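Undergrad: generate a structure from the sequence data that follows.
(4 chains)
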Protein chains: 4
Amino acid sequence: MGMIGGSLDAFIGGVHRKAANLDGEIELVCGAFSSKPEKSKATGEALYLNPHRVYGSFQEMITKEKNLPGDQRMDFVSIVTPNHMHVAPAMLALQNGFHVICDKPLAFSTAEAKQLKKVVDKTGLVFALTHTYTGYPMVKEARALIAAGELGKIRKVYVEYPQGWLSTFLENTGQKQASWRTDPSKSGAGGAIGDIGTHAANLAEYVTGSPITEICAQLNTVVKGRLLDDDSAMLLKLDNGATGVLLATQVAAGDENNLNIRVYGEKGGLEWRQEEPNTLVVKWLDKPREIYRAGWNYLSDSSKKNIRTPSGHPEGYLEAFANLYMNFARAVHDYKPGKKIDPARYDFPDVADGVRGMLFVDTVIKSSRSPKKWTKMLR
Amino acid sequence: MGMIGGSLDAFIGGVHRKAANLDGEIELVCGAFSSKPEKSKATGEALYLNPHRVYGSFQEMITKEKNLPGDQRMDFVSIVTPNHMHVAPAMLALQNGFHVICDKPLAFSTAEAKQLKKVVDKTGLVFALTHTYTGYPMVKEARALIAAGELGKIRKVYVEYPQGWLSTFLENTGQKQASWRTDPSKSGAGGAIGDIGTHAANLAEYVTGSPITEICAQLNTVVKGRLLDDDSAMLLKLDNGATGVLLATQVAAGDENNLNIRVYGEKGGLEWRQEEPNTLVVKWLDKPREIYRAGWNYLSDSSKKNIRTPSGHPEGYLEAFANLYMNFARAVHDYKPGKKIDPARYDFPDVADGVRGMLFVDTVIKSSRSPKKWTKMLR
Amino acid sequence: MGMIGGSLDAFIGGVHRKAANLDGEIELVCGAFSSKPEKSKATGEALYLNPHRVYGSFQEMITKEKNLPGDQRMDFVSIVTPNHMHVAPAMLALQNGFHVICDKPLAFSTAEAKQLKKVVDKTGLVFALTHTYTGYPMVKEARALIAAGELGKIRKVYVEYPQGWLSTFLENTGQKQASWRTDPSKSGAGGAIGDIGTHAANLAEYVTGSPITEICAQLNTVVKGRLLDDDSAMLLKLDNGATGVLLATQVAAGDENNLNIRVYGEKGGLEWRQEEPNTLVVKWLDKPREIYRAGWNYLSDSSKKNIRTPSGHPEGYLEAFANLYMNFARAVHDYKPGKKIDPARYDFPDVADGVRGMLFVDTVIKSSRSPKKWTKMLR
Amino acid sequence: MGMIGGSLDAFIGGVHRKAANLDGEIELVCGAFSSKPEKSKATGEALYLNPHRVYGSFQEMITKEKNLPGDQRMDFVSIVTPNHMHVAPAMLALQNGFHVICDKPLAFSTAEAKQLKKVVDKTGLVFALTHTYTGYPMVKEARALIAAGELGKIRKVYVEYPQGWLSTFLENTGQKQASWRTDPSKSGAGGAIGDIGTHAANLAEYVTGSPITEICAQLNTVVKGRLLDDDSAMLLKLDNGATGVLLATQVAAGDENNLNIRVYGEKGGLEWRQEEPNTLVVKWLDKPREIYRAGWNYLSDSSKKNIRTPSGHPEGYLEAFANLYMNFARAVHDYKPGKKIDPARYDFPDVADGVRGMLFVDTVIKSSRSPKKWTKMLR
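TA: Next up is the predicted model:
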């Protein structure tokens, strides 16, 4: 693996590296960690990399790695730059024969996201997008229960992503995470809606297996002076006839990272919270509520494949992230030129999910500006 | 106290009686428990009433009680009939000088609700509406914290009332509760929105102290064959500039009576769930979350006045209900003709809350039929 | 009902009255609320009693009530005095033909408890002891599950009663509850062990159906200057071969009233906490944990008979207490001279439980003073 | 790092490898994964190791690695064999200049544990014992709060380790984990008490900072046919005058890995549960309970140093384990011959904790066989 972005002072780069490390199947062999060569070099050194393989730019990395012998060069690139710097390195990597795993959202704009998808489709290489939260085993269990019809026809979906860390004008203090995430020139058109709303939408569609078809959204900038939205709520219609509510906010003062989902069908309901991710509550019409817990034998295969330890040994965010890397790495391992890999079989989010996330942001923004109640999901 | 409605096979009548009994301050002395005299008589007997004071109709009860000497006749009436039978007995009671405590919603229609309010205002008698949930001590604590500015300016309100008991076509089985509550000729224009949505709206306004000003609603009838809505979700604007989401549904399969509210301000947030009502979670921007628990000395006076036992001795639904009766009874006790009682001082919901509940239902229905996003709260 | 003790400034008297009031089946008609006639009188007045039936002593009350016509006099007495004042009024009431419901522990000493039992047995009258916590519906469910063999042979019992209110030398401040409960001349030989340890032991035996046979106890007085124990822990053997741990402490700083029990058998386990009493967690060897909740149809009859409201309408401490009164009152209602009532059928704790509680305290004290590991339960 | 034990079908070996991998600071370079050379070889291959550095025995590994140039050979060995195979490789490694990190318990017997300690002391090399659970950040927070006197003088400690996985005669089915852990020739004198009781004792002493001084223990073999204890409970005295209860059982049917601790002092109490490890409940005498959560700024340094992600991104068992490896690796990194490393400064359990664990098991066994109540902790 070669990494693009993720110098020492970044947050998500370190997360990607730990996730890639965890299972001992992936080795970081090179990187272009910053557009500033000094910074890239220092990061590579701290990571014990061969200095010859610490590059000053992603262009340099891709070109030079391509020229290494096949058994030495990196197999894939991991892109962990801010949003506006995803597509260019991804394109170049794919065009030079490297698989790609990329942080979300996929791109700065929907237009470039669609272009990238074309390149992925054309090259047939493996492309994963790190929608972390669908990597949790109990999210997979929820999806499996619904897919098996255990809850009957789905009627209601409530998905929430409340955070509190942007309750104050944090970007004004120089805090790096706050700065680029609230800056339209780096983040794109969406603030909270892009940063976390896309996770919520992706989770809802992944768990229910039903795409969102129409949205009625309110998008707010609650903190004075902020340049992008930091709060949203919306009514949803799904294509199976279900309806729902999605909320994503970064001004829920005192909340941490409280992504959660509840789904109700004709026969029962379920409930999952990211902050206690090893528990899935399953509710029934006429018998006691059940507590499904990660690591038990009664779980579905898709859940069991994404757990490392027996029940009662809590796995968390990094393990969920590592599941994405692991499933992506399996696809990379199985890849053969000319034969398209099916991301669903390997169970990781791909470029199509990325395009869909961009369209979701566009649709929410369009709806929020419209006096009409419902806006159809853009395509 | 004289009761109108609440024969033995009814649900809410028994709840009212237990709530009135609990503190030993109120005595049931007479009743017109059913429009069927036999049934009324049997109920009175089961309740150990003097048979002479078990009446065949509310008209009879009010007339005859009025003619009893002042130290013998009932002080007030408790109205626990289905929605369409609230206003007539309430009017008659007030016109004959009796105070009234009435189940919610206030009336079958907004028009008659407003008429009733006029009579209450004119007579100056005490009138309470049993919005049970604001009777909980920790709801009062939430209100007190916000009123004291502890959370700063309020930004977001999320209030939910999910139940699951109408997930099937229960009214078709003869179940009494389901039958009248889904029957427009008894329930009025709203189904779930009237039955439980009004509780949610009342709770949000009580806790935040800010009225809802605009609504963008989706109202659904999920179960085939049902005559009224059984599910709803809506976006809210409040008059202090806050926004929020309200959902009320009776098809959340497996849910019990999960009314809950979360409020976020500039400085912190709070969270309360009716199913564990003695706990109030208070969240802060930069210090540990706090768990406020009923019965402790650190609570506000308004909370402490509505608790009977030390912390760790859970009080529940009936105690919350009893708080309404107790506070109403104090007002009745203090009542003097010609001097208007202030319900806010005694801390119970009154006829104005009842009218507001009716207007809320009308507004939600209007919004749900409108292609426009926002509908102003009706007056 | 006539009450002995329970003047306005007492705690438990008010609890008894509310519990007796709740269901409208019991009426307080007279009382000897204090040994100080003025105080008794003031209490009676506050409770709206006929002044002629507010007595200056329990002797006066019992004598005078006995002389009233059968349809006017009290049916039973409720004894809510401190521990050292339980037996004398109970004896006198029984000897004069009145049934008795009595706060726990039964007596000041085991000797007088045994004497009282003889009188109960001889008169054949109904006698209930208010071990509140077995009145909870989900405790009854736990007992029913175990009795039905659902968990298999029981192996382990963990029962705890941690409170924190005596973490400081509170009796020195004049606080009334603390004063008499830590005073050996009023409380008897046991402090925390009598006050709350007996509840824990009673709960363990009620739920498992297995008597404790041997105890290895440590009894501590943690707070300097205190005259009785305020803390204890002990190992247990039960007569079915199970073993366990019981702890009862009043110096668990910050704890409220956290009585809880866990039982494990060959096939599964269960867990109940008084502070969230409507939930019973049931655990299995190879399937998901289940959450049994008060008010559902799937519960056992013994549980359903002790619930008033549908699931999700929390009932609490006062309702549990009211269940004792209700079940006792049913026995009183069914009582016929010469035909012994079976307390187990009516499901309330009786005088035998009271004697057992006294023996438990004696055994713990004996064990705590012994250098030997095990002490057999006294008889 | 070179690993001894931990072939592909073992449990704890994989855990150690993931823990060592996570932070990218440690590289597995060689191993003697099994006493069966074929198995060792297959494991090394699966782990992408250089085949020349996959050895057939730990003796071979230590000898050959020692002969490699300093910049190539392993820095330390990780020992993950069953209990009876800890000491021999540890000794040999130390004697050849390699630091050691070793799974717990330290040894098969106390005698050999003490011998090992002598070697560690003599060589001055770094030795860590993987008492995983003290690696959790919120355990460190608990220790820091108590050390800072926030709770006042400690009075009570309750520590529990209930598991349910040995509720049946699992070792009879060929399940590998059950087989060696219940076999006295591999596990040593203790069953559950060694496997998990030592974790509980270590946690209690780590959090309170007070050694256990006397024990009154009951040790049971609940499942028929089992050769070692599978259940225990004991009363404790600690050297600061506090008392407590420790229980460790593997027959708590339906329980997972529910290690938990509660500590109470004069001014407050705290509570931590391994299954939701990012939360620490702190209770006070006169103010609201607080919820300390991993990842916040208000935490102590010792806690913050052992967290990777912001609050709300749950870290779990593998991260706690990785903290041990990380802190050990820092000590190895800082090691200079002739200058003793202080394990407390680096905050990892060491050989002295290991000897203490062995003595704890011996003391519990001795106490369980004694008719006397109290047995002093062996030295």
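
Undergrad: CA only for contacts and neighbour counts going forward, please
TA: Noted.

Undergrad: in contact with the residue of the stretch 201-350 of chain A found nearest chain C, which residues?
TA: Per C-alpha to the nearest C-alpha, A:E290 is where the stretch 201-350 of chain A lies closest to chain C, at 4.5 Å. Listed by C-alpha atoms under 8 Å, 6 or more residues apart in numbering or on different chains, the contact partners of A:E290 are A:281-283, C:288-291.

Undergrad: at 6 Å instead, please
TA: A:281-282, C:288-290 (C-alpha atoms under 6 Å, 6 or more residues apart in numbering or on different chains).

Undergrad: sec struct for the residue lying closest to it once chain neighbours are set aside, please.
TA: On the basis of C-alpha to C-alpha, 6 or more residues apart in numbering or on different chains, the spatially nearest residue to A:E290 that is not a chain neighbour turns out to be C:E290, at 4.5 Å. Following DSSP: H, G, I helix; E, B strand; the rest coil, we place C:E290 in the strand state.

Undergrad: bridge partners for C:E290, pull those for me.
TA: Bridge pairing for C:E290 (DSSP bridges) gives the partners A:E290, C:V282.

Undergrad: for the contacts of A:E290, which one is nearest chain B?
TA: A:V282 (8.4 Å).

Undergrad: so for the closest one, what's the pLDDT?
TA: On pLDDT, A:V282 comes in at 98.

Undergrad: quick check: it touching A:L270?
TA: Yes: counting by C-alpha atoms under 6 Å, A:L270 is a contact partner of A:V282 at 4.4 Å.

Undergrad: what's near enough to touch A:A128?
TA: By C-alpha under 6 Å, 6+ apart, A:A128 lies in contact with A:101, A:349-350.

Undergrad: would you list those in CSV and tack on neighbour count?
TA: Shown next, in CSV, are these (neighbours: other C-alpha atoms under 10 Å in any protein chain shown):
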residue, neighbour count
A:I101, 27
A:P349, 24
A:D350, 24
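
Undergrad: can you put those in TSV and add distance to chain C and pLDDT?
TA: Formatted as TSV, the entries for those read as follows, by distance: C-alpha to the nearest C-alpha, whole Å; pLDDT from 0 to 100:
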residue	distance to chain C	pLDDT
A:I101	35	98
A:P349	29	97
A:D350	32	96
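
Undergrad: now render those residues as JSON lines, adding secondary structure.
TA: Output for the contacts of A:A128, formatted as JSON lines (three-state DSSP):
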{"residue": "A:I101", "secondary structure": "strand"}
{"residue": "A:P349", "secondary structure": "coil"}
{"residue": "A:D350", "secondary structure": "coil"}
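
Undergrad: strands of chain A, residue ranges please.
TA: A:2-4, A:30-32, A:76-79, A:99-102, A:127-129, A:154-162, A:212-220, A:231-238, A:243-249, A:260-265, A:268-273, A:279-284, A:289-293, A:375-376 (DSSP state E).

Undergrad: mind giving me TSV with those strands and columns for distance to B:S40?
TA: What follows is the strands of chain A, written out as TSV (distance: least, C-alpha to C-alpha, whole Å):
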stretch	distance to B:S40
strand A:2-4	80
strand A:30-32	84
strand A:76-79	76
strand A:99-102	72
strand A:127-129	68
strand A:154-162	42
strand A:212-220	50
strand A:231-238	47
strand A:243-249	44
strand A:260-265	41
strand A:268-273	39
strand A:279-284	38
strand A:289-293	39
strand A:375-376	55
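
Undergrad: D:H16: which of these is closest?
TA: With C-alpha to C-alpha, the closest approach to D:H16 among the strands of chain A belongs to strand A:289-293: 23.1 Å.

Undergrad: buried set for that closest one?
TA: Going by neighbour count (16 or more other C-alpha atoms under 10 Å in any protein chain shown), the buried part of strand A:289-293 is A:289-293.

Undergrad: contact partners for A:E275?
TA: For A:E275, the contact set (C-alpha under 6 Å, 6+ apart) comprises D:G312.

Undergrad: how close does the residue nearest the centre of chain A get to chain D?
TA: By C-alpha atoms, centre = their mean, chain A has its centre lying nearest to A:H131, at 1.6 Å. In this view, A:H131 and chain D are 14 Å apart by C-alpha to the nearest C-alpha, to the nearest Å.

Undergrad: ok, A:K104 next?
TA: Taking C-alpha to the nearest C-alpha, one finds A:K104 at 17 Å from chain D.

Undergrad: swap in A:K140?
TA: A:K140 sits 17 Å away from chain D, going by C-alpha to the nearest C-alpha.

Undergrad: next: A:R345.
TA: 23 Å.

Undergrad: one more: A:T279?
TA: Using C-alpha to the nearest C-alpha, A:T279 is found at 10 Å from chain D.

Undergrad: now stretch A:6-14: average pLDDT?
TA: In the prediction, stretch A:6-14 has an average pLDDT of 90.

Undergrad: got the residues of chain A near chain D?
TA: Neighbours of chain D within chain A, by C-alpha under 6 Å from any C-alpha of the partner chain: A:18, A:21-23, A:256-257, A:275, A:311-317.

Undergrad: near chain C, anything from stretch A:302-315?
TA: No: using C-alpha under 6 Å from any C-alpha, stretch A:302-315 stays clear of chain C, coming no nearer than 11.5 Å.

Undergrad: what does that stretch contact?
TA: By C-alpha under 6 Å, 6+ apart, stretch A:302-315 touches A:137, A:140-141, A:294-296, D:256-257, D:275, D:316-317.

Undergrad: now for those residues, which pair is the farthest apart?
TA: A:K140 and D:N257 (22.5 Å).

Undergrad: might you list the low-confidence residue ranges for chain A?
TA: Residue ranges of chain A with pLDDT under 70: none are present.

Undergrad: nearest to chain B: which residue in it?
TA: For chain A, C-alpha to the nearest C-alpha, closest residue to chain B: A:K373, 4.1 Å.

Undergrad: okay but that residue is in contact with B:K372, surely?
TA: Yes: with contacts counted by C-alpha under 6 Å, A:K373 reaches B:K372, the gap being 5.1 Å.
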